[in-house]
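Peer 1: Got a sequence here, can you model it:
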Amino acid sequence: MAKGVIVPYFMTVFVLIDAKAETSIKEVAMKVDPKGRRVYVVEWKDAYSNGIDEVDDQHKHLFFLVKCLRLETIEKTLDDLADYVFSHFSTEQGLMDESEYPDRDRHRQIHDQFVSTVAECIADDAPWDDERLHDLRKFLNKWLIGHIMTDDQQFGRWYKQYQYVQNFENSKYYKDEDERSWLSHLFKPDWVLRLIGKH
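Peer 2: Residues are numbered from 1 along each chain as shown. Sure, this is the predicted structure:
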């Protein structure tokens, strides 16, 4: 790996939780550059969606920014990427806090590790060349797909359930006390945790 791209320990122990994620990561590197290296350029697919429109739109833009990485504009694109990652993670973490997502501290740590890795890469004063750019693009695409297909998918399932509960509690059916007590057992946190496989 070229100087300037640091792959942290958490990337080496990355566990894919389903076959969809494994297939997606294998599909990342399908093209080869003139030097025979795989070119890591990824297009957004519906399979990456976690069901939260705002988050999906931001993920699409992150893929676009990674795709825009070129030697001629590397500093500007990296600055844009760093700013956008900060904004995106703030959005996700706000939704996690709003929905009281039980795994939000671990998810936040993963975000923090990613930000640190990218910040180190940006701060490194080694000259940018094709090899370093290749390694960076490969790392970013693999990390984005892996994180989206595992951690963000899990959060998406939680958030959809949270929205369902919110909509139900705001419905006319919930206002009837007899119906509320009969149906409330469906919306207890333990049931939701079992749904996403955390209990």
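Peer 1: for this structure, which helix is longest?
Peer 2: In the chain, with assignment by DSSP state H, the single longest helix is helix 74-98.
Peer 1: List the buried residues in that one.
Peer 2: Buried residues in helix 74-98, counting neighbours by 16 or more other Cβ atoms under 10 Å, are found at I74, T77, L78, L81, A82, V85, H88, F89, E92, L95, M96. For the C-beta atoms, the positions are set from N, CA and C on the backbone; glycine is no exception.
Peer 1: Can you read off the pLDDT for the closest residue to the fourth one other than its chain neighbours?
Peer 2: Leaving aside its chain neighbours, L81 sits nearest to L65 (4.7 Å; criterion: Cβ to Cβ, 6 or more residues apart in numbering). As summarised for this prediction, L65 has a pLDDT of 90.
Peer 1: what's the answer for E169, then?
Peer 2: For E169, the model assigns a pLDDT of 73.
Peer 1: number of nearby residues for it?
Peer 2: Counted with other Cβ atoms under 10 Å, residues neighbouring E169 total 13.
Peer 1: After the longest helix of the chain, heading C-terminal, what element do we hit next?
Peer 2: Next helix or strand after helix 74-98 toward the C-terminus (DSSP states H and E): helix 104-123.
Peer 1: for that next one, packing partners?
Peer 2: Counting by 3 or more Cβ pairs under 8 Å, 6 or more residues apart in numbering; DSSP states H and E, the packing neighbours recorded for helix 104-123 are helix 74-98, helix 130-147.
Peer 1: And the last one, what does it pack against?
Peer 2: For helix 130-147, the contact count by 3+ Cβ pairs under 8 Å, 6+ apart identifies helix 9-12, helix 19-28, strand 38-39, helix 53-67, helix 104-123 as packing neighbours.
Peer 1: And for the longest one?
Peer 2: Helices and strands touching helix 74-98, by 3+ Cβ pairs under 8 Å, 6+ apart, are helix 53-67, helix 104-123, helix 153-169.
Peer 1: can you tell which of those helices is closest to A47?
Peer 2: helix 153-169 (9.6 Å; Cβ to Cβ).
Peer 1: what's the angle from the closest one to helix 53-67?
Peer 2: With axes from the mean of the first three to the mean of the last three Cα atoms, to 10 degrees applied, the angle from helix 153-169 to helix 53-67 works out at 160 degrees.
Peer 1: by how many degrees do helix 153-169 and helix 104-123 diverge?
Peer 2: Using the same axes, to 10 degrees: helix 153-169 against helix 104-123 is 130 degrees.
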